[in-house]
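A.B. asks: Give me a model of this one.
(one chain, ligands or ions: 1)
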Amino acid sequence: MSPANAKLNAFPVFVRVDGEAVAIVGNGEEALAKARLLAQSSASLRIIADNADAELLAFISLAGAVHVDTAYDAAQIEGAAMVFAASGDEALDRRVAEDARRLGIPVNAVDRPELCDFFTPALVNRAPVAIAIGTEGAGPVLAQMLRVRIDRMLSPSLGRLAALAASFRAAAERLPKGNRRRRFWSDFFAGAPAKAIEAGEFDRAHGAALDLLVSNTPASGHIALVGAGPGAEDLLTLRAHRLLMEADAIVHDALVPEAIVAMGRRDAERLPVGKRKGCHSKSQEEINALLIELGRAGKRVVRLKSGDPLVFGRAGEEMAALREAGIAYEVVPGVTAAFAAAADFELPLTLRGVTSSMVFTTGHDLKGNSLPDWAKLAISGATVAVYMGRSVAAEVAGRLIEAGLSPDTAVAVVENASLNNRRRFHGTLADLPSLEARADLTGPVMTIIGDAVAGANFERSEPLAARRREDTGHEEAASVAGAEGARE
Ligand code: SAH
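C.D. replies: Residues are numbered from 1 along each chain as shown. The predicted model follows:
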C-alpha cells in the first residue's frame, strides 16, 4: 500500500512533437545521449553545439539534425517545443534554462533537477506504444532496470499490433457498445490477430481481425508448446517468459521446477500433469484431451515441458491431437538437457577433427537383437547424448562395447544440469553400468558418450567408477519411481 501522501511531483504526459523543433544545447556526451533519446520521436532536432565532438557530429549527419555551429545564444532556441540544456557547464545550463523560461519553453537540464521543468523518462519504445518510466530524477539506475524488465515482457511486434488496432478503430466503433465491443478488442489483442502479427504475417492478421468483426462466437483458444529449458530459471527464453505471463492456464510436467511455473501470470490456472513421486500422473491421452478442452474453452494455454518440447517431449502426439481438433498451437523451443549438460561440463559436442555429428537417444531401444542406427553412428564417432539413460546404463554400455566401441571411450554424466545442485561425473564406457546402482542420484541424469567428451573440463567432476562399490547397500528408496525424474 502506498502512503496516502505519496503524490507525484512530476505528472507524466505525452507531448506532441511531430513536426516540432526540439533544441539541445551542448557539444559532448550528454547532448548526444539526449539527441539519441529524442531521435526516437519524429521531432526535428536542433543541436546547438560549437566544437561538437566527433561522435555528436556523426550522429547529427546520420540523424539529419539541424546543426547550429556557433556559441550559444538565446535566439537559437526560439520557437522550440522544448529545450535541453546539456552542455555539462553549470553556468551555461543555467543561462539556457533561464532563457527558455523567459521564452515560455519547457526546459530540461541534464543532471540538474533543480533547473528542470520536466524530466525525461526511461523509455520502452514500441511506437506507437510508449512506456515511460519516471523516478523524478531520483533513480536513473532503477529506471533503467525497470525498463529492461518491462521491455522483456512485451512482444517486439507490439507496435505493429497497435498500428493495426488503430486502423480498426472506426470499424470497431460500429459494433454494439459494451460486451461485444470489449470482446472484439480482447480477442484482437490476445487472439488470432496478435498471433499472426507475432509470426510476421500481416495479411493474415488483417484477415483475422476482419473475421473477429463479423463473427459473434467466442475466440478460440491457443496452445503454446513451450520449452522450459533444463531447470535454471534464467535459461528460459524471453518468448517463453512472455507467454507464461500472458497465459490463462499452464499445463506442466513434473520435471519443470516450481520456480519456473511460478513465473507465470499470477491468476493462471496451474495444472500439473507429469509424474512425481507418489502422485497420480495423467496418461498421454488424458493430457491431449485436457489441452483440447482448454483450447475449446478459448483459453491461452502454455503447455510447459522441460528442455525442448520437441526432444523426447511427446510433443508430436500433442500436436497431432490439436491439429485434428482444429486448435491453433505454436512451438517455442527451449534449451535441451544435452546442451545444458555439455555447458556444465564445458564439453564440445562437436570437435574439429574428432567428431562432427551428434545423436540424441534414450537408450531404451537397445533391447532387441539388431543394433539401432544410433549405435552405429556412435561407433563411427558421433557424440551420443542419452536421455532417460540411468536405468539402462548397463545395457547401453554393454551393447556399445559388444558392437565394437572401445571400453575406454570417454563418458560424462550430469545430474541436475544447469541447477545449483548439479553433480558431474566422468569416466569411461566401462564405468557406465555403475550408474544404475547409484542410489544417491535422485535428479534427472544426462549421459554423454564419445571421443569429444575428452575435451571437457574435469576439474569439478568426480570419477564415475570410484564409488561403484561404496554405493551398493545404500538405502533403496531413491530408485522407487524410476528416480531419474519424468520418463516422458
Ligand atoms: N524435453 C526434454 C527431455 C525430456 S526426457 C529436453 O529437451 O531436455 C527427460 C530426460 O531428460 C531425463 O530423464 C534426463 O535424462 C534429461 N534431463 C532433463 N532435465 C535434465 C537436467 N536438468 N539435467 C540432466 N538431465 C536432464
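
A.B. asks: so what's residue 123 up against?
C.D. replies: The neighbourhood of residue 123, defined by CB atoms under 8 Å, 6 or more residues apart in numbering, consists of 37, 40, 130-133, 147. (Each C-beta comes from the backbone N, C-alpha and C, glycine too.)

A.B. asks: any idea which of these is the one closest to the ligand?
C.D. replies: For the ligand, the nearest member of the contacts of residue 123 is residue 147. The distance, counting by CB to the nearest ligand atom, is 31.8 Å.

A.B. asks: The closest one: which element?
C.D. replies: With elements taken from DSSP states H and E, the one containing residue 147 is helix 140-153.

A.B. asks: Report the central residue of this protein.
C.D. replies: Note on the chain: the residue nearest the mean C-alpha position is residue 238, at 1.0 Å, using CA atoms, centre = their mean.

A.B. asks: Now that one. Nearest residue, chain neighbours left out?
C.D. replies: Using CB to CB, 6 or more residues apart in numbering and skipping the chain neighbours, the partner closest in space to residue 238 is residue 152 (5.5 Å).

A.B. asks: Also residue 335?
C.D. replies: With sequence-adjacent residues excluded and distances taken as CB to CB, 6+ apart, residue 335 is closest to residue 229, at 4.3 Å.

A.B. asks: what separates that neighbour from the ligand, distance-wise?
C.D. replies: Relative to the ligand, residue 229 is positioned 8 Å away (criterion: CB to the nearest ligand atom, to the nearest Å).

A.B. asks: Would you check that that residue makes contact with residue 307?
C.D. replies: Yes. Under the contact definition of CB atoms under 8 Å, residue 229 touches residue 307, with a separation of 6.7 Å.

A.B. asks: The single nearest residue of the stretch 1-150 of the chain relative to the ligand: how many residues sit nearby?
C.D. replies: Nearest to the ligand in the stretch 1-150 of the chain, going by CB to the nearest ligand atom, is residue 149, at a distance of 25.9 Å. As a burial measure, residue 149 scores 11 neighbours (other CB atoms under 10 Å).

A.B. asks: so how far is the ligand from the nearest residue to residue 239 once chain neighbours are set aside?
C.D. replies: Once flanking residues are discounted, residue 239 sits nearest to residue 332: 5.3 Å by CB to CB, 6+ apart. If you measure residue 332 against the ligand using CB to the nearest ligand atom, the figure is 13 Å.

A.B. asks: cool, residue 438 as well?
C.D. replies: Relative to the ligand, and taking CB to the nearest ligand atom, residue 438 is found at 14 Å.

A.B. asks: repeat for residue 338
C.D. replies: 7 Å.

A.B. asks: Now do the contacts for the closest residue to the ligand within the chain.
C.D. replies: Closest residue of the chain to the ligand, CB to the nearest ligand atom: residue 307 (1.9 Å). With contacts defined as CB under 8 Å, 6+ apart, the neighbours of residue 307 are 227-230, 313, 334-337, 340.

A.B. asks: one more time with 6 Å
C.D. replies: If you count contacts by CB atoms under 6 Å, 6 or more residues apart in numbering, residue 307 has them with 227, 230, 334, 336-337.

A.B. asks: OK, contacts around the nearest residue to it once chain neighbours are set aside?
C.D. replies: Here the nearest residue to residue 307 in space, its sequence neighbours aside, is residue 336; by CB to CB, 6+ apart that works out to 4.3 Å. Remark: with contacts taken as CB under 6 Å, 6+ apart, residue 336 is in contact with 307-308, 311.

A.B. asks: Which of those residues sits closest to residue 22?
C.D. replies: Nearest to residue 22 among the contacts of residue 336 is residue 308, at 47.6 Å by CB to CB.

A.B. asks: contact partners of the helix or strand containing residue 343?
C.D. replies: Take DSSP H and E as the rule and residue 343 turns out to sit in helix 337-345. Defining contact as CB under 6 Å, 6+ apart, one finds that helix 337-345 is touched by 230, 307, 349, 385, 412, 414, 417-418, 422, 424, 446, 456.

A.B. asks: Okay, and which of those residues map to helices?
C.D. replies: Of the positions in those, not one sits in helices, assigned by DSSP state H.

A.B. asks: which two from these end up farthest apart in space?
C.D. replies: In those, two members sit farther apart than any others by CB to CB. They are 307 and 456, at 20.0 Å.

A.B. asks: what does this structure have sitting close to the ligand?
C.D. replies: Near the ligand, the residues belonging to the chain are 230-231, 255, 305-308, 311-313, 336-337, 340-341, 387-388, 414, 416-418, 444-446, 484-486, 488 when assessed by CB under 6 Å from any ligand atom.

A.B. asks: burial count for residue 331?
C.D. replies: As a burial measure, residue 331 scores 17 neighbours (other CB under 10 Å).

A.B. asks: who's in contact with it?
C.D. replies: For residue 331, the set of contacting residues under the criterion of CB under 6 Å, 6+ apart consists of 225, 309.

A.B. asks: Alpha carbons of the helix or strand it falls within, as PDB, please.
C.D. replies: Element membership for residue 331, per DSSP H and E: strand 328-332. Output for strand 328-332, consisting of C-alpha atoms alone and laid out as PDB, is shown next (Å, rounded to 0.1, in the frame of the first residue of the first chain):
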ATOM      1  CA  ALA A 328      -4.300 -23.400 -33.000                       C
ATOM      2  CA  TYR A 329      -0.900 -24.000 -31.500                       C
ATOM      3  CA  GLU A 330       2.700 -22.900 -31.700                       C
ATOM      4  CA  VAL A 331       6.000 -24.300 -30.600                       C
ATOM      5  CA  VAL A 332       8.600 -22.400 -28.500                       C
END
